[in-house]
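K.L.:
fold the following.
(chains A and B)
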Amino acid sequence: MDFSVIVSDALRSGIGPIAAIYALAAMGLNLHFGYTGLLNFGQVGFMLVGGYGLAVTVATYDGSMWLGVLSGLGCAIVLALLLGAPTLRLRADYLAITTIAAGETLRLFYRSSWAEPVTGGVFGLQRFAGDFYDLNPIPRGTYGVWLVEFSSQDLWVLTVGWGLVVVVGTLLALLVHSPWGRVIRSIREDEAAPRSLGKNVYAYKMQSLVLGGVLGAVAGMLQAIQVQSVNPDSYDPAVTFFLYTLLVLGGAGRILGPVVGSILFWFVLTFLDSALRQAIGAGYISPELISTSEVGAVRFALVGLALMLLIVFRPQGILGSRKEMLLSGR
Amino acid sequence: MRCPRILLPALALALVVLSAAPAAGQGEEVPAGRGFGARFLQALIDGVQFGVIIAITAVGLSLVFGTIHLINFAHGEFVTIGATFAFFLNASPAGPGWHLIPAAAAAVLFGALMGAAVDRGLWRPLRARGTGLINLFIVTIGLSLLLRHIVLVLYGTRPASFAQYDIQEAIDLGPVGITPRDLTVTLLSILVLLGVAALLQRTRIGTAVRAVSVNRDLAEASGIDVQRVVLVVWMFGGALAALGGVFFGLVEIITWDMGFKLLLLMFAGIILGGLGSAYGAMVGSLVIGIVAQVSTLWFPVDLQYAWALLVLIVVLLVRPQGILGRRERVG
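P.N.:
Numbering: from 1, shown residues only, chains lettered A, B, ... in the order given. As a prediction, the model looks like this:
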């Protein structure tokens, strides 16, 4: 067992591009779930249309990166409108079912042989991130302090990612403390109250869904750029559940909730992952019990368990307020 | 009102058969190869078979929703666990190697026990704690993630089939064919669904279940033991889910994520039929199964589930309470 490797892995993942990407997507989810009380179980669908919007524009149609970004954002807005129009007038459970189904339907459509000429089907798309890395001002090489090291490419994604988190976080903080934010929070608490004051609850919910979806799409684009490929199977519904876990961990309904949650979530998850692998490698855990190929599954199972325990025993997470998170939602 | 509602699943079946009749006629006109009519009829039969299996799994999900208003996102995992448990007893090298029939019976029993265990061990304490409904949805998501990946560790990623009834010659029925296995599964599924309907309509506990789903407080005030009804519904749902899993594993294949894939089709089925209604779940699932199979006549097979899920969104736009749903305000 090499503890420095475990700590290094965990730290790198906790402050790395992945944590920034998940923090961004979870900020969108926070706007849905934490502030408006919308139970969106398909945030991964927004990440998918964002990532593919960029990749398809650049790789299939030879467009520029900025056009790709615009089309990714456009796709997310259209998706949010399509999902919201039938469900936002209905009870919360309908939105939950529809969003989880929509995320999976999108994945099936994008990976089908029918869509293959455009989306690359099961093979996905590559070679669309060049423009982004050409903008990289950081000279080639690796940079690091103590146990943590990043390549200049990762450092560039990481800088843009956390930069976006700061910008988006500031904007969201202003937004939720504006009159608009008070209305969406009152929708979360009791929909009838803002309605009786003459607010168009449906329109506010829709705006929240679109805005949060756009944030999901931005995260999806950044993820596509970071791994330099899009593949339908990386947009598994489990991604949304990861987002919920880290959101509840950090504290839903708080601006910093998703940020703290994402850093901590990826730190702990990678720590466990790396420690398990090291323990199996060193023979502390017999491969009969858990083999290295099963570590991934064990990790998912632990996330599920953590999500259950968190929501039961500490629904407000680290930063939230318990009173706000006792949602009965009907 | 009672008779027409119980007749509806049967009516839907009759409608399907009737609408298929002209297609069969067309099929006979083109004896060389398989004409469109024959392919349509074949897809329809496959659809009915798929639909009744979805229906078996969906009834429990819908009943749970009807009684405690919880959407159990972990219901798909009950299906997977039923199938993999039967596989362990039947065909796994580490298992005892039972014949499929006792293995399936054991899996159904295990499903019922699992349903009882999650109700007693998880949902009842949480309800007693006063955990909010939305929070409970998220708990089911966590449970689903946990159970699915425990199955993945224990079962592995390799798809497998049961030891018996694996490969069979199809019975030739003119333009279409069906294997004895598929025919038996379909007929058994229909019998099970009729049995569920009879249970709900004719027995004391069935009446109690319907009473609780119509109005929980009134049912409690009338002296119905609501906690016991909820327990029975969970056991029932677990047993049916396990049975559906065995059937699905029999006609298709057993995989570690089969339940989650089926779950989305179940959702489509129960929303189409009307959230919370057992008969709605049956009719809706049947339609979803047929849509999934018939779509393969025009569109690639890998999109068949996607069309079924699109139906869900269209239904929500047009008639959110579903075919058999009560016309209440759902917003």
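K.L.:
in contact with the nearest residue to residue B:88 once chain neighbours are set aside, which residues?
P.N.:
Closest residue to residue B:88 in three dimensions, ignoring its sequence neighbours and counting by CB to CB, 6 or more residues apart in numbering or on different chains: residue B:95, at 4.5 Å. Placement of C-beta: from N, CA and C, glycine included. For residue B:95, the residues meeting the contact criterion (CB atoms under 8 Å, 6 or more residues apart in numbering or on different chains) are B:87, B:88, B:89.
K.L.:
out of these, which are inside helices?
P.N.:
Counting by DSSP state H, the members of these that fall within helices are B:87, B:88, B:89.
K.L.:
can you list these in CSV and add neighbour count?
P.N.:
What follows is the ones in helices among the contacts of residue B:95, written out as CSV (neighbours: other CB atoms under 10 Å in any protein chain shown):
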residue, neighbour count
B:87, 23
B:88, 19
B:89, 22
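K.L.:
between those residues, which is closest to residue A:323?
P.N.:
residue B:88 (46.4 Å; CB to CB).
K.L.:
right, and the closest one touches residue B:94 too?
P.N.:
Yes: here residue B:88 lies in contact with residue B:94, judged by CB atoms under 8 Å, at a distance of 7.3 Å.
K.L.:
any buried residues in stretch A:282-295, and which?
P.N.:
Neighbour counts using 16 or more other CB atoms under 10 Å in any protein chain shown place A:285, A:290, A:294, A:295 of stretch A:282-295 among the buried residues.
K.L.:
tell me if I am right that the second one is in a strand.
P.N.:
No: in this structure, residue A:290 is coil, not part of a strand, as judged by DSSP: H, G, I helix; E, B strand; the rest coil.
K.L.:
ok, it touching residue B:153?
P.N.:
Yes: using CB under 8 Å, residue A:290 makes contact with residue B:153 at a distance of 7.2 Å.
K.L.:
show the pLDDT at residue B:4.
P.N.:
Here, the pLDDT recorded for residue B:4 equals 43.
K.L.:
still on that earlier bit, the contacts of residue B:95 into CSV, with extra columns for distance to residue A:148?
P.N.:
As requested, the contacts of residue B:95 are exported to CSV (distance: CB to CB, whole Å):
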residue, distance to residue A:148
B:87, 45
B:88, 45
B:89, 50
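K.L.:
now tabulate those residues in a markdown table and tack on pLDDT and distance to residue B:264.
P.N.:
What follows is the contacts of residue B:95, written out as a markdown table (pLDDT from 0 to 100; distance: CB to CB, whole Å):
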| residue | pLDDT | distance to residue B:264 |
| --- | --- | --- |
| B:87 | 93 | 22 |
| B:88 | 93 | 26 |
| B:89 | 93 | 28 |
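K.L.:
which secondary element of chain B has the worst mean pLDDT?
P.N.:
helix B:2-29 (a mean of 44; mean pLDDT, DSSP states H and E).
K.L.:
how about the helices in chain B?
P.N.:
Listed in chain order, the helices found in chain B under DSSP H are B:2-29, B:36-68, B:75-90, B:100-118, B:124-129, B:133-155, B:180-202, B:204-214, B:216-221, B:226-251, B:258-273, B:278-294, B:304-318.
K.L.:
give me the angle between the fourth one and helix B:133-155.
P.N.:
Read it as helix B:100-118. An angle of 140 degrees separates the directions of helix B:100-118 and helix B:133-155 when computed by axes from the mean of the first three to the mean of the last three CA atoms, to 10 degrees.
K.L.:
the last one too?
P.N.:
Between the axis of helix B:304-318 and that of helix B:133-155 there is an angle of 170 degrees, by the same axes, to 10 degrees.
K.L.:
buried ones in helix B:304-318, by neighbour count?
P.N.:
Those would be B:304, B:305, B:306, B:307, B:308, B:309, B:310, B:311, B:312, B:313, B:315, B:316, for helix B:304-318 by 16+ other CB under 10 Å.
K.L.:
can you redo those residues as CSV with distance to chain A and pLDDT?
P.N.:
Supplementary listing: those in CSV, determined by distance: CB to the nearest CB, whole Å; pLDDT from 0 to 100:
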residue, distance to chain A, pLDDT
B:304, 9, 83
B:305, 6, 84
B:306, 4, 85
B:307, 9, 85
B:308, 9, 81
B:309, 4, 80
B:310, 7, 83
B:311, 10, 85
B:312, 6, 84
B:313, 6, 80
B:315, 9, 84
B:316, 4, 80
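K.L.:
one step back: overlap in contacts, residue A:290 and residue B:153.
P.N.:
Common neighbours of residue A:290 and residue B:153, using CB under 8 Å, 6+ apart, are residue A:298.
K.L.:
tell me the centre residue of chain B?
P.N.:
Closest residue to the average C-alpha location of chain B: residue B:57 at 2.4 Å, with CA atoms, centre = their mean.
K.L.:
what sits against it?
P.N.:
For residue B:57, the contact set (CB under 8 Å, 6+ apart) comprises B:75, B:79, B:240, B:241, B:244, B:245, B:248, B:262, B:266.
K.L.:
could you check how many residues crowd around the nearest residue to it once chain neighbours are set aside?
P.N.:
Spatial nearest neighbour of residue B:57, excluding adjacent residues (CB to CB, 6+ apart): residue B:244 at 3.5 Å. Residue B:244 sits with 31 neighbouring residues when counted by other CB atoms under 10 Å in any protein chain shown.
K.L.:
same check, this time on residue B:297
P.N.:
As a burial measure, the neighbour count of residue B:297 was computed by other CB under 10 Å and equals 12.
K.L.:
so it sits right up against residue B:41, yeah?
P.N.:
No: using CB under 8 Å, residue B:297 is not in contact with residue B:41, being 10.6 Å away.
K.L.:
how about the residues of the stretch 1-150 of chain A that lie near chain B?
P.N.:
Contact residues, the stretch 1-150 of chain A versus chain B (CB under 8 Å from any CB of the partner chain): A:37, A:39, A:41, A:82, A:85-87, A:89-94, A:96-98, A:100-102, A:104-105, A:108-109, A:111-114.
K.L.:
from those residues, list the buried ones, please.
P.N.:
Buried by 16+ other CB under 10 Å: A:37, A:39, A:41, A:86-87, A:89-94, A:96-98, A:100-102, A:104-105, A:108-109, A:111-112, out of the residues of the stretch 1-150 of chain A next to chain B.
K.L.:
filter the residues you listed down to the ones in helices?
P.N.:
Assignment to helices by DSSP H places the following of these there: A:86-87, A:92-94, A:96-98, A:100-102, A:104-105, A:108-109, A:111.
K.L.:
and the residues you listed, which two are the farthest apart?
P.N.:
Across these, the two members that end up farthest from each other (CB to CB) are A:92 and A:111, 29.5 Å apart.
K.L.:
can you give me the buried ones in stretch A:54-67?
P.N.:
When neighbours are counted by 16+ other CB under 10 Å, the buried residues of stretch A:54-67 are found to be A:54, A:55, A:56, A:57, A:58, A:59, A:63, A:65.
K.L.:
what sits closest to the fourth one if chain neighbours are left out?
P.N.:
Take residue A:57 and drop its neighbours on the chain: the residue closest to it by CB to CB, 6+ apart is residue A:68, 3.6 Å away.
K.L.:
CA atoms of the helix or strand harbouring that neighbour as PDB?
P.N.:
Per DSSP states H and E: residue A:68 is located in helix A:65-87. What follows is helix A:65-87, C-alpha atoms only, in PDB (Å, rounded to 0.1, in the frame of the first residue of the first chain):
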ATOM      1  CA  MET A  65     -16.000  25.800 -31.700                       C
ATOM      2  CA  TRP A  66     -18.000  28.800 -30.800                       C
ATOM      3  CA  LEU A  67     -20.800  27.800 -33.200                       C
ATOM      4  CA  GLY A  68     -20.600  24.400 -31.400                       C
ATOM      5  CA  VAL A  69     -21.000  26.000 -28.000                       C
ATOM      6  CA  LEU A  70     -24.000  28.000 -29.300                       C
ATOM      7  CA  SER A  71     -25.600  24.900 -30.700                       C
ATOM      8  CA  GLY A  72     -25.000  22.900 -27.500                       C
ATOM      9  CA  LEU A  73     -26.700  25.700 -25.500                       C
ATOM     10  CA  GLY A  74     -29.500  25.800 -28.000                       C
ATOM     11  CA  CYS A  75     -30.100  22.100 -27.800                       C
ATOM     12  CA  ALA A  76     -30.300  22.300 -24.000                       C
ATOM     13  CA  ILE A  77     -32.900  25.100 -24.200                       C
ATOM     14  CA  VAL A  78     -35.000  23.200 -26.600                       C
ATOM     15  CA  LEU A  79     -34.800  20.000 -24.400                       C
ATOM     16  CA  ALA A  80     -35.800  22.000 -21.400                       C
ATOM     17  CA  LEU A  81     -38.800  23.400 -23.200                       C
ATOM     18  CA  LEU A  82     -39.800  20.000 -24.500                       C
ATOM     19  CA  LEU A  83     -39.600  18.400 -21.100                       C
ATOM     20  CA  GLY A  84     -41.100  21.300 -19.200                       C
ATOM     21  CA  ALA A  85     -44.100  21.900 -21.500                       C
ATOM     22  CA  PRO A  86     -46.000  18.700 -20.600                       C
ATOM     23  CA  THR A  87     -44.800  18.100 -17.100                       C
END
